[in-house]
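Enquirer: Here is my input, please return the structure:
(2 chains)
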Amino acid sequence: MVDLKKLRESTEKIINRDDVKYVIGWEKGTHGFQVTPLFITSSDDVERLIFNPLCVHNLTVFLMLQEKLPLRKGAEEDKRKVGVIVKGCDSRAIVQIIQEKGLNRDDVVIIGIPCTGVIDPKKINKKFPNQTKTVDIDEDANNFVIKIDGKTHKVPKEELLMDKCKQCQFPNPIIYDVLVGSEIKTTGKPNYKDVESFEKKSLKEKWEYWEKQFEKCIRCYACRNVCPMCYCKECMVDQLNPQWIRRSVNVSENTAWNIMRAFHLAGRCIDCGECERVCPAEIPLVKLNKKLEKEVLELFDYRAGLDVDVKPLLSMFKPDDPEEFIL
Amino acid sequence: MSKDSFEPNIVAFLCNWCSYAGADLAGTSRIEYPPNVKIIRVMCSGRVNPMFIVNALHEGADGVLIGGCHPGDCHYIQGNYFARRRIAVLKKLLEYLGIDERRVRMTWVSAAEGKKFADVIREVTDDIRKLGPTHQIRRSNSW
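Expert: Just a heads-up that it's a prediction; the model follows:
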């Protein structure tokens, strides 16, 4: 658990710098187990900043969502930096964006938090249904301590942790300017058991499974909007000429969309699990992303978002890449 | 349509410098190959966006073939290497979703290999004839 006082102190130090526009963090939500992103523009806002196991959001997405309004004549662009508070997995998103030259390292100030895992909102809402008031939440070594209406519940971590956190390999931020708290020892290993057992099914079974999943898709594009890697100025689904995918919501269009969404994340997905978290139709998108992650690791021995100096997977090659599938 | 009389519809993206010239050579040398293939000329196999492939399957193709120069022979030095990586990943993804990976094929054909081109087309057509028509992502025009 991170010392909140230290986090606030270092955030205050950063927001008081002249070259920082705002810092993005989390604040207490207004409903149940929700936590909302907070934009700290002055040192007055710092006391609203929190960090607890409910802070699931990957805030790096906001770096790429910055609105750039047209400037008045003679006005100068605000070129100040943006601060962002990141957990281990979120920091990989920043590394990956910098790799792709979507972002300049000098344009961001990164406050890193070693993270011991966050709570899956779906799981906690199932355990404590109809919770409308906000709650206080704390953690010790093996339990989450949840205070609801004066009552204290101790819930084992295993039960509420997000699936990605159970096998997390990078709890410590990979890239940061300030690290709050001390680094955590990692125990996780890449775990592709789910993917492997699914791979063994026959083509027919696989398609039947995915057809059922994709039928549910309502094409709200929440998965794209929340993804820190989806920062194209114009997404291919929004394009009208050529129009790759029609707007009509049916299985074939949904499948095409989901294939292209997954493929565009090949070798880029940093497994923050945001897409699956926000999906209103509960499509297991992480299962798709994990598959690509596994293949990329096996075929090219590459993992996304670990080193700023490495080139992105699909914009480099090795002469001895696997080619046994070629006729 | 019974399976015996099924004629596959194959879209081939051939690179201008090698595979397309190879197809041309197959034609000028009067080598016979199945007429199921519709050739689209692109400047380089690296030009083939995975979206092209998914879109072709989506619009009713039963198979897609991508032809490029042999490694090291690319007119643009490295285009085919990039294509190779992309297609490798895309094939794995399609397989995972339950779409047979043999529907997407890649081949290296040089401008001198008219015979090889005809052989490749024959093999791909036979394979896809066995697989039958795609039904997974084919666009349904019922709105």
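Enquirer: Using the three-state scheme, assign residue A:306.
Expert: Secondary structure, DSSP: H, G, I helix; E, B strand; the rest coil: residue A:306 is coil.
Enquirer: where's it relative to residue B:34, distance?
Expert: 47 Å (C-beta to C-beta, to the nearest Å). C-beta coordinates here come from the backbone N, C-alpha and C atoms, glycine included.
Enquirer: And residue B:97, by the same measure?
Expert: Using C-beta to C-beta, residue B:97 is found at 27 Å from residue B:34.
Enquirer: For the two, indicate the residue with more neighbours.
Expert: More neighbours surround residue B:97 than the other of residue B:97 and residue B:34, with 22 against 16 (other C-beta atoms under 10 Å in any protein chain shown).
Enquirer: Against residue A:21, how distant is the more buried one?
Expert: 42 Å.
Enquirer: Kindly report the same for residue A:110.
Expert: Separation of residue A:110 from residue A:21 (C-beta to C-beta) stands at 14 Å.
Enquirer: Looking at the two, which is more packed in?
Expert: residue A:110 (24 against 16).
Enquirer: quick one: that one is in a strand?
Expert: Yes: checked against three-state DSSP, residue A:110 lies within a strand.
Enquirer: Could you double-check that it sits in contact with residue A:174?
Expert: No: counting by C-beta atoms under 8 Å, residue A:110 stays clear of residue A:174, with 9.8 Å between them.
Enquirer: so what sits against both of those two?
Expert: Taking C-beta atoms under 8 Å, 6 or more residues apart in numbering or on different chains as the contact rule, residue A:110 and residue A:174 both touch residue A:91.
Enquirer: who's the nearest residue to residue A:109 once chain neighbours are set aside bridged to?
Expert: What sits nearest to residue A:109 in space, not counting adjacent residues and going by C-beta to C-beta, 6 or more residues apart in numbering or on different chains, is residue A:83, at 4.1 Å. Residue A:83 has these beta-bridge partners by DSSP bridges: residue A:23, residue A:109.
Enquirer: can you pull out the strands in the chain?
Expert: Chain wasn't specified; assuming chain A. For chain A, strands defined by DSSP state E occupy the ranges A:20-28, A:35-40, A:49-50, A:81-86, A:108-112, A:136-139, A:143-148, A:151-156, A:178-179.
Enquirer: try chain B instead
Expert: B:10-15, B:37-42, B:63-68, B:104-108.
Enquirer: Paired strands for the second one, with orientation please.
Expert: Partner strands for strand B:37-42, per DSSP bridges, with pairing direction: strand B:10-15 (parallel).
Enquirer: residues in contact with the strand it pairs with?
Expert: Applying C-beta under 8 Å, 6+ apart, the contact partners of strand B:10-15 are B:20, B:22-23, B:36-45, B:47-48, B:52, B:56, B:61-69, B:75, B:79-80, B:109, B:121, B:124-125, B:128.
Enquirer: change it to 6 Å
Expert: Applying C-beta atoms under 6 Å, 6 or more residues apart in numbering or on different chains, the contact partners of strand B:10-15 are B:20, B:23, B:36-42, B:44-45, B:48, B:56, B:61, B:63-68.
Enquirer: Same list, the strands of chain A, but as JSON lines with distance to residue A:259 please.
Expert: Output for the strands of chain A, formatted as JSON lines (distance: least, C-beta to C-beta, whole Å):
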{"stretch": "strand A:20-28", "distance to residue A:259": "32"}
{"stretch": "strand A:35-40", "distance to residue A:259": "30"}
{"stretch": "strand A:49-50", "distance to residue A:259": "39"}
{"stretch": "strand A:81-86", "distance to residue A:259": "30"}
{"stretch": "strand A:108-112", "distance to residue A:259": "32"}
{"stretch": "strand A:136-139", "distance to residue A:259": "38"}
{"stretch": "strand A:143-148", "distance to residue A:259": "37"}
{"stretch": "strand A:151-156", "distance to residue A:259": "38"}
{"stretch": "strand A:178-179", "distance to residue A:259": "39"}
